[in-house]
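> Build me a structure from this.
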Amino acid sequence: MKISIISLGCSKNSVDSENLIGLLEASGVEVVSDVGEADVALVNTCGFIQPAVEESVNTILDLELLKEQGRLKKIGVVGCLVNRYGDELKQELPSVDVWAKAEEWALVARSLGLVPAAEPVRGMLSETRPWSRYLKVGEGCDTFCSYCTIPSIRGRARSIDIPRLSSMASDLAEKGAKEICLVGQDLTIYGRDLYGEPRLRELLSELDRELPRDVWIRLLYLHPSRIDERFIDFVAGHERILSYLDIPVQHVDPEVLKRMNRPSDEEHIRRIFSYARKADPFFALRTTIMVGFPGETESQFSKVLDFLEQAMIDRVGAFIFSPEEGTPAAAMEDRVSSEIGEERYRRLMELQSEISLERQKLFLEKKLRVLIDEIDYEDDTAWGRSYREAPEVDGLIGISGGSVLEEGQCVEVRITDAAEHDLFAKIAGE
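Model prediction:
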């Protein structure tokens, strides 16, 4: 039996897909990257927001067509969409052979007539770069933002213990990982369910001790309310832990934050970003902003623009509020019109483009250590990332004369030019 897995959604979903691949391979089947070569196709779905739901449904319909044409024997639907809309989907998609919620990987194996392996090893998606891997520290979320579906889809926060995570990280390093990105719905609450209090720093200290010295540790998705000056100093004081923090604030106005069911301490948000800048002017900061939340006024939105100018954030991901079925925010009145939401989004991104370019120019003529992701041999250019660029979401560094390099190699470069998202460089010493 040959099985192909289509993985949709976020990096946390990619980890799930690789865990499923590992289980299936250990259970005796061949996992192939091309659906055209497979007997069975499984889609690991995303159900976080409506565009993701639509992408998942369209992918399922494409697989149904392949099954009708006799090109697939079975199809399966697993993951977040099943958690969110499982009963409805089963009625509307009767040709689907396998259904399983997120983490029900043993059920997938049994549904295919396999005996689940007792101790599977994490597999790898065909698009995964072996030198850059994600390590999911837990599942679920306890924050309950009023606009978010994650707690209803994935449940309460459940952490993986420190010894197990240390073992998993070491295994990734042995398989060639040069960069390990820690992910979870919110890293700052890691361990609270297991140890009675958050233990992120203890986890990081353990990884710092156990991993080879040339492996980067990158932190993604940190709730601002639980970031303080001591934590910023901790990160800045550990060379292996990259000076890069992804802290999604969503907004800064106290009233908007309150309606979002997020801590509404605007002063704290501004203070921690300011502290990081003072601690290290080259500290890489990323955040996420939501515009057009119900009731957002022009003056409240202006506070966001002021915050961006004050904090000088390197990277910003912005999106317009979307009412998600079943969330408290979807029932809120005083909706912001789509026209106003789009106009605010445009203004925010225009401002951030200027800020991003200004931050990029700080690195002209400086040296950076870069992890090579891909090489364009025709253009004689290598593309990679430094500590400032997280995989998939940030810009890249283009290195001229890079065809002499190798993918997965770390190299020191000198920055020669800067654009809004990307930097350009030469190999240091040339």
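> burial count for K12?
Neighbours of K12 under the rule other Cβ atoms under 10 Å: 22. All C-beta spots, glycine's among them, are computed from the backbone N, C-alpha and C.
> Tell me which helix or strand comes right after the host helix or strand of it.
Assigned by DSSP states H and E, K12 belongs to helix 11-26. Scanning forward in sequence from helix 11-26 by DSSP H and E, the next helix or strand is strand 30-32.
> Just checking: what are the partner strands of that next one?
Applying DSSP bridges, strand 30-32 is found paired with strand 2-7 (parallel).
> buried sites along the strand it pairs with?
The neighbour-count check on strand 2-7 (16 or more other Cβ atoms under 10 Å) flags 3-7 as buried.
> residues in contact with that strand?
Contact partners of strand 2-7, identified using Cβ atoms under 8 Å, 6 or more residues apart in numbering, comprise 13-14, 16-17, 20-21, 24, 29-35, 37-44, 59, 63, 112, 125.
> can I get the CA coordinates of stretch 59-79 in CSV?
Extracted in CSV, the C-alpha atoms of stretch 59-79 (Å, rounded to 0.1, in the frame of the first residue of the first chain):
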residue,chain,number,x,y,z
THR,A,59,-8.7,19.7,-1.5
ILE,A,60,-11.1,16.9,-0.3
LEU,A,61,-13.3,17.5,-3.4
ASP,A,62,-10.2,17.1,-5.6
LEU,A,63,-9.4,13.8,-4.0
GLU,A,64,-13.0,12.6,-4.3
LEU,A,65,-12.7,13.3,-8.1
LEU,A,66,-9.5,11.2,-8.3
LYS,A,67,-11.3,8.4,-6.4
GLU,A,68,-14.3,8.5,-8.8
GLN,A,69,-11.8,8.3,-11.7
GLY,A,70,-10.3,5.1,-10.2
ARG,A,71,-7.0,6.8,-9.6
LEU,A,72,-7.3,6.4,-5.8
LYS,A,73,-8.6,3.4,-3.9
LYS,A,74,-9.3,5.3,-0.6
ILE,A,75,-9.2,8.9,0.7
GLY,A,76,-9.0,10.1,4.3
VAL,A,77,-9.7,13.4,6.1
VAL,A,78,-7.9,14.1,9.3
GLY,A,79,-7.0,17.0,11.6
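> Quick check: buried residues in it?
Within stretch 59-79, the residues that count as buried by 16+ other Cβ under 10 Å are 59-60, 63-64, 67, 72, 74-79.
> what does stretch 293-301 give?
For stretch 293-301, a neighbour-count test (16+ other Cβ under 10 Å) marks 293-294, 296, 300-301 as buried.
> Need those in TSV (columns: secondary structure, pLDDT and distance to R199).
Formatted as TSV, the buried residues of stretch 293-301 follow (DSSP: H, G, I helix; E, B strand; the rest coil; pLDDT from 0 to 100; distance: Cβ to Cβ, whole Å):
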residue	secondary structure	pLDDT	distance to R199
F293	coil	96	32
P294	coil	96	36
E296	coil	96	36
Q300	helix	97	36
F301	helix	97	37
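> how close does the residue sitting nearest the centre point of the chain get to L114?
The centre of the chain sits closest to S11, judged by Cα atoms, centre = their mean, with a distance of 4.5 Å. According to Cβ to Cβ, to the nearest Å, S11 and L114 sit 27 Å apart.
> Pull up the distance across stretch 400-415, start to finish.
11 Å (Cα to Cα, to the nearest Å).
> what's that stretch in contact with?
129-131, 176, 178, 214, 363-377, 380-384, 397, 399, 416, 423-430.
> at 7 Å instead, please
130-131, 176, 178, 363-375, 377, 380-382, 397, 399, 423, 425-428, 430 (Cβ atoms under 7 Å, 6 or more residues apart in numbering).
> among these, which are in strands?
367-375, 381-382, 397, 399, 423, 425-427 (DSSP state E).
> Where does pLDDT dip in the chain?
430 (pLDDT under 70).
> which residues of it fall in helices?
For the chain, the helices defined by DSSP state H occupy 11-26, 50-68, 80-92, 105-111, 150-154, 162-174, 192-195, 200-210, 229-236, 254-259, 266-279, 298-311, 338-361.
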